[in-house]
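[1] Next comes the sequence, and after it the predicted model I'd like to discuss.
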Amino acid sequence: MKRLLLIISIVVLLYTSAFAGGANVYKSTVVSAENTWTDPLYVKAGSSIDVSIYNLNSMSATIKLQRKFPEESLWGHEVDSWDVTTSSVDIEHITKAGAGDAYYRIGCPTGGYTSGNCTVRIGQYRY
(Lines give C-alpha, C1' and ligand atoms only; values in the text may rest on other atoms or scores of the structure.)
Protein backbone atom coordinates (compact mmCIF):
# COMPACT_ATOMS: atom_id res chain seq x y z
CA MET A 1 0.00 0.00 0.00
CA LYS A 2 2.79 2.41 0.88
CA ARG A 3 4.52 1.65 -2.41
CA LEU A 4 1.31 2.40 -4.34
CA LEU A 5 0.87 5.73 -2.53
CA LEU A 6 4.48 6.61 -3.29
CA ILE A 7 4.03 5.82 -6.99
CA ILE A 8 0.80 7.85 -7.15
CA SER A 9 2.50 10.78 -5.40
CA ILE A 10 5.40 10.72 -7.84
CA VAL A 11 3.08 10.58 -10.85
CA VAL A 12 1.01 13.51 -9.55
CA LEU A 13 4.16 15.53 -8.85
CA LEU A 14 5.57 14.86 -12.31
CA TYR A 15 2.24 15.71 -13.95
CA THR A 16 1.85 19.01 -12.12
CA SER A 17 5.47 19.96 -12.84
CA ALA A 18 5.07 19.28 -16.56
CA PHE A 19 1.56 20.53 -17.30
CA ALA A 20 0.38 22.86 -14.57
CA GLY A 21 1.72 26.10 -13.22
CA GLY A 22 4.24 28.28 -14.97
CA ALA A 23 7.90 28.39 -15.74
CA ASN A 24 10.09 31.44 -15.57
CA VAL A 25 12.43 31.93 -18.52
CA TYR A 26 15.01 34.74 -18.57
CA LYS A 27 17.84 36.09 -20.73
CA SER A 28 20.33 38.67 -19.48
CA THR A 29 23.57 40.41 -20.46
CA VAL A 30 25.83 43.24 -19.34
CA VAL A 31 25.74 46.24 -21.68
CA SER A 32 29.07 48.08 -21.86
CA ALA A 33 29.12 48.96 -25.57
CA GLU A 34 26.73 49.69 -28.40
CA ASN A 35 25.09 46.85 -30.34
CA THR A 36 24.97 44.60 -27.26
CA TRP A 37 21.85 42.42 -26.90
CA THR A 38 20.51 39.51 -24.89
CA ASP A 39 20.02 36.24 -26.70
CA PRO A 40 16.52 36.09 -28.25
CA LEU A 41 13.70 34.97 -25.97
CA TYR A 42 10.75 33.18 -27.59
CA VAL A 43 7.51 34.55 -26.12
CA LYS A 44 4.02 33.14 -26.64
CA ALA A 45 1.27 35.58 -27.63
CA GLY A 46 -0.38 37.30 -24.67
CA SER A 47 2.35 36.40 -22.13
CA SER A 48 3.71 38.95 -19.70
CA ILE A 49 7.23 40.18 -20.45
CA ASP A 50 9.35 41.34 -17.51
CA VAL A 51 12.09 43.89 -18.24
CA SER A 52 14.80 44.81 -15.74
CA ILE A 53 17.59 47.35 -16.23
CA TYR A 54 20.16 47.57 -13.43
CA ASN A 55 22.43 50.62 -13.66
CA LEU A 56 25.80 49.28 -12.43
CA ASN A 57 28.38 51.93 -13.24
CA SER A 58 27.06 55.40 -14.16
CA MET A 59 25.45 54.16 -17.37
CA SER A 60 24.52 56.63 -20.06
CA ALA A 61 22.78 54.91 -22.97
CA THR A 62 19.49 54.13 -24.67
CA ILE A 63 18.15 50.64 -23.98
CA LYS A 64 15.57 49.17 -26.37
CA LEU A 65 13.20 46.23 -26.30
CA GLN A 66 12.79 44.73 -29.78
CA ARG A 67 10.51 42.10 -31.32
CA LYS A 68 10.95 39.86 -34.35
CA PHE A 69 8.36 37.42 -35.68
CA PRO A 70 9.55 33.89 -36.56
CA GLU A 71 9.23 34.43 -40.31
CA GLU A 72 11.34 37.62 -40.23
CA SER A 73 15.14 37.79 -40.46
CA LEU A 74 15.66 41.34 -39.12
CA TRP A 75 14.84 42.97 -35.78
CA GLY A 76 12.51 45.63 -37.17
CA HIS A 77 9.97 46.21 -34.38
CA GLU A 78 10.77 48.49 -31.44
CA VAL A 79 8.46 47.69 -28.53
CA ASP A 80 9.80 50.11 -25.91
CA SER A 81 12.80 52.31 -25.12
CA TRP A 82 14.47 53.70 -21.97
CA ASP A 83 17.07 56.45 -21.54
CA VAL A 84 19.43 55.26 -18.83
CA THR A 85 21.54 58.10 -17.40
CA THR A 86 23.91 58.54 -14.50
CA SER A 87 21.02 59.67 -12.29
CA SER A 88 18.75 56.76 -13.22
CA VAL A 89 17.57 54.25 -10.70
CA ASP A 90 17.02 50.61 -11.57
CA ILE A 91 14.11 50.09 -13.95
CA GLU A 92 11.50 47.34 -13.59
CA HIS A 93 8.85 47.16 -16.30
CA ILE A 94 6.16 44.67 -17.32
CA THR A 95 4.59 44.69 -20.76
CA LYS A 96 2.20 42.33 -22.54
CA ALA A 97 3.34 40.44 -25.65
CA GLY A 98 1.56 41.14 -28.91
CA ALA A 99 -1.00 39.04 -30.77
CA GLY A 100 1.48 36.61 -32.31
CA ASP A 101 4.29 34.47 -30.95
CA ALA A 102 7.60 36.31 -31.40
CA TYR A 103 11.22 36.60 -30.35
CA TYR A 104 12.20 39.46 -28.03
CA ARG A 105 15.55 40.90 -27.05
CA ILE A 106 16.77 43.85 -24.99
CA GLY A 107 19.97 45.83 -25.30
CA CYS A 108 21.73 48.89 -26.63
CA PRO A 109 21.51 49.67 -30.37
CA THR A 110 24.28 51.08 -32.54
CA GLY A 111 24.68 54.77 -31.68
CA GLY A 112 22.85 54.39 -28.35
CA TYR A 113 25.85 53.98 -26.03
CA THR A 114 27.76 56.78 -24.29
CA SER A 115 29.44 55.37 -21.16
CA GLY A 116 29.24 53.03 -18.18
CA ASN A 117 27.50 49.69 -18.00
CA CYS A 118 24.28 48.06 -16.89
CA THR A 119 22.73 44.63 -16.69
CA VAL A 120 19.60 44.11 -18.76
CA ARG A 121 17.24 41.19 -18.27
CA ILE A 122 14.14 40.06 -20.13
CA GLY A 123 11.87 37.28 -19.01
CA GLN A 124 8.43 35.82 -19.36
CA TYR A 125 6.06 33.93 -17.17
CA ARG A 126 4.46 31.03 -19.00
CA TYR A 127 1.03 30.03 -17.84
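    Thanks, I have the structure now. Numbering: from 1, shown residues only.

[2] Val84: how many residues sit nearby?
    Counted with other Cβ atoms under 10 Å, the neighbours of Val84 add up to 25. C-beta: built from backbone N, CA, C; applies to glycine.

[3] Was I right to think it contacts Thr62?
    Yes. Using Cβ atoms under 8 Å, Val84 is in contact with Thr62, at 7.4 Å.

[4] shaky segments in the protein?
    1-24, 86-89, 125-127 (pLDDT under 70).

[5] Show me where it has its helices.
    Along the chain, the segments classed as helices by DSSP state H run 2-19.

[6] so what's Trp37 bridging to?
    Note on Trp37: beta-bridge partners Gly107, judged by DSSP bridges.

[7] and Arg67, how many neighbours does it have?
    Neighbour tally, Arg67, other Cβ under 10 Å: 21.

[8] OK, contacts around it?
    Arg67 is in contact with Trp75, His77, Glu78, Val79, Gly98, Ala102, Tyr103, Tyr104, counting by Cβ atoms under 8 Å, 6 or more residues apart in numbering.

[9] what's the burial count for the fourth one?
    Residues contacting Val79 under the criterion other Cβ under 10 Å number 17.

[10] circling back to that earlier point, okay, and which of the contacts of Arg67 map to strands?
    When DSSP state E is applied, the contacts of Arg67 are split such that His77, Glu78, Val79, Ala102, Tyr103, Tyr104 fall in strands.

[11] which of the contacts of Arg67 are buried?
    When the contacts of Arg67 are checked for burial by 16 or more other Cβ atoms under 10 Å, the buried set is Trp75, Val79, Gly98, Ala102, Tyr103, Tyr104.

[12] Now the first one. Its backbone dihedrals?
    Comment: the main-chain dihedrals of Trp75 come out as phi -90, psi 90, following degrees, to the nearest 10.

[13] Hmm, it is touching Phe69, no?
    No. Counting by Cβ under 8 Å, Trp75 does not reach Phe69; the two are 10.4 Å apart.

[14] quick one: Pro109 and Ala99, what's the gap?
    Plainly put, Pro109 is 25 Å away from Ala99 if you go by Cβ to Cβ, to the nearest Å.
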